[in-house]
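**Student:** here's my sequence, what's the structure:
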Amino acid sequence: MAVLIAWWVADRVLQSPEAFLAPYAALFIIGTTVRSSVTAAARQVTVVVLGVLVAALAARTLPELAAIAGAVAVGTILGRSRWLAPDGMWVAITALLVLLYGTATNPALVFHRVLDVTVGVLVGVAVNALVLPPDRLSTARDLILQRAEELSALLADLAHGLRSGHHDSDRGRQRVWDLHKSTGAGAALSEGRESLRGNMRSVGWARVGGSRVYQPIATILDDTLLQVSVLEIAVEALTASDHRLEDPEQLRCEAAGLIEAFSAAFDKLTWDPAHHREPYLHVVHTALPDARSRLESFGETVQRHQPSSGALQSISLAADGLWAALTVLDNFDER
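**Tutor:** This next block holds a predicted model:
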């Protein structure tokens with residue numbers, strides 16, 4: 001849409017001889033956040049103006065080949081300014097194109113070139129802000145809730161492996177690795193928050209708490225990856241063929257129950273908090289007390305039996321870390 005509008009304005013309204021520059025410039029703006037599209041528009045116009053001025057100066061003072069070399073060199077130096085990043089390279093490219101087209105000293109063509117780019121970026125900003133404002137908070141929400149679901153399922157499988165004595169370690173490690181290498185929940189939420197700056201969609205999000213309502217889950221998900229990795233390794237050790245009979249069955253069952261309690265807590269985090277009047281209350285009042293009770297009981301059992309395998313102590317420490325991360329939910333309403 002932005003491309004078509006920019007082309008129509010430049011070609012039919014302004015009758016520009018190089019109308020293709022307008023849709024080209026508009027295309028660079030679409031897809032960014034509303035706030036960043038404004039700064040991108042300013043950069044686009046700036047680099048074109050600089051490129052045209054460099055080309056005009058070079059064409060008037062130097063022979064053709066020297067003008068091309070000098071314009072590219074000066075354009076490259078100017079383009080390295082941090083204020084023009086990441087579009088600085090277009091200073092040199094614009095200067096080169098203007099010189100190659102032979103229009104560097106033609107005031108009318110130079111004017112239309114700058115005007116076309118200005119029209120393109122303005123159309124791009126308008127479409128971005130009014131017609132298709134990007135909403136990356138929805139993407140972040142989906143990622144966060146899906147990540148909570150994946151963690152819940154992974155913990156449930158670890159508990160099942162402990163009870164049955166059989167665990168698919170290759171699949172488990174791959175799932176943990178996939179969680180580590182995927183986009184961080186906090187980073188996705190930050191990007192989503194940024195996308196709503198100057199965005200009319202922020203009004204709708206503000207009614208349900210905006211990005212703030214997802215911050216506790218994002219923090220928990222990013223802070224518990226290490227603990228989940230430890231649990232995976234510990235369960236692998238406890239279900240290995242040479243360790244299955246070393247530790248009491250009671251310890252294995254309690255460890256499985258403890259991991260299941262945390263699986264239930266993460267499962268409740270898959271409920272979209274934006275749709276609840278008191279977000280996370282259902283987790284704080286049900287899942288967390290059960291997890292805390294099981295954690296204390298398991299810790300006492302481990303101290304009493306002093307198991308030979310360090311894997312059970314690792315489960316206790318990892319579970320304690322999960323509990324510490326989840327306590328952020330207690331203070332959500334006070335933030």
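
**Student:** which SSE is immediately downstream of the helix or strand of the chain with the lowest mean pLDDT?
**Tutor:** Across the helices and strands of the chain, mean confidence by mean pLDDT, DSSP states H and E is lowest for helix 202-207: a mean of 69. Read in the C-terminal direction, the helix or strand following helix 202-207 is helix 215-223, with elements assigned using DSSP states H and E.

**Student:** what are the contacting residues of that following helix?
**Tutor:** Contacts with helix 215-223, where a contact means Cβ atoms under 8 Å, 6 or more residues apart in numbering, come from 140, 144-145, 147-148, 151, 184-186, 188-189, 269, 273, 279-280, 325-326, 328-329, 332. Just so you know, the C-beta spots here come from the backbone N, C-alpha and C atoms, and that holds for glycine as well.

**Student:** ok, now with 7 Å
**Tutor:** When contacts are defined by Cβ atoms under 7 Å, 6 or more residues apart in numbering, helix 215-223 is touched by residues 144, 147-148, 151, 184-186, 189, 269, 280, 325-326, 328-329, 332.

**Student:** and that helix, average pLDDT?
**Tutor:** pLDDT averaged over helix 215-223 equals 90, rounded to a whole number.

**Student:** related to what we said a few turns ago, which members of the contacts of helix 215-223 are classed as buried?
**Tutor:** In terms of neighbour count (16 or more other Cβ atoms under 10 Å), the buried residues within the contacts of helix 215-223 are 144, 147-148, 151, 185-186, 189, 269, 280, 325-326, 328-329, 332.

**Student:** which residues of the stretch 51-200 of the chain fall in strands?
**Tutor:** Taking DSSP state E, counting those that start in this stretch as the criterion, the stretch 51-200 of the chain contains no strands.

**Student:** list the contacts of the nearest residue to residue 78 once chain neighbours are set aside.
**Tutor:** The shortest distance from residue 78 to any residue that is not its chain neighbour, by Cβ to Cβ, 6 or more residues apart in numbering, is 5.0 Å, and that residue is residue 91. Under the criterion of Cβ under 7 Å, 6+ apart, the contact list for residue 91 reads 47, 50-51, 54, 75, 78-79.

**Student:** the residues you listed in helices, which ones?
**Tutor:** Among the contacts of residue 91, DSSP state H puts 47, 50-51, 54, 75, 78-79 in helices.

**Student:** kindly indicate which of those residues lies nearest residue 69.
**Tutor:** Taking Cβ to Cβ as the measure, residue 69 sits nearest to residue 75 out of those, at 10.8 Å.

**Student:** these two touch, right, the closest one and residue 90?
**Tutor:** No: under the criterion of Cβ atoms under 7 Å, residue 75 makes no contact with residue 90, lying 8.6 Å away.

**Student:** where's the closest residue to residue 275 other than its chain neighbours relative to residue 272, distance?
**Tutor:** Counting by Cβ to Cβ, 6+ apart, residue 208 is the residue found nearest to residue 275 once chain neighbours are left out, at 7.5 Å. As defined by Cβ to Cβ, to the nearest Å, residue 208 lies at a distance of 9 Å from residue 272.

**Student:** likewise residue 38?
**Tutor:** Relative to residue 272, residue 38 is positioned 31 Å away (Cβ to Cβ).

**Student:** ok, residue 263 touching residue 159?
**Tutor:** Yes: with the criterion set as Cβ under 7 Å, residue 263 and residue 159 qualify as a contacting pair; they are 6.4 Å apart.

**Student:** and the residue nearest to residue 78, what pLDDT?
**Tutor:** Looking at residue 91, its pLDDT stands at 89.

**Student:** repeat that for the one 10 residues further on.
**Tutor:** Predicted confidence (pLDDT) at residue 101: the value is 77.

**Student:** what's near enough to touch residue 183?
**Tutor:** Applying Cβ under 7 Å, 6+ apart to residue 183 gives the contacts residue 143.
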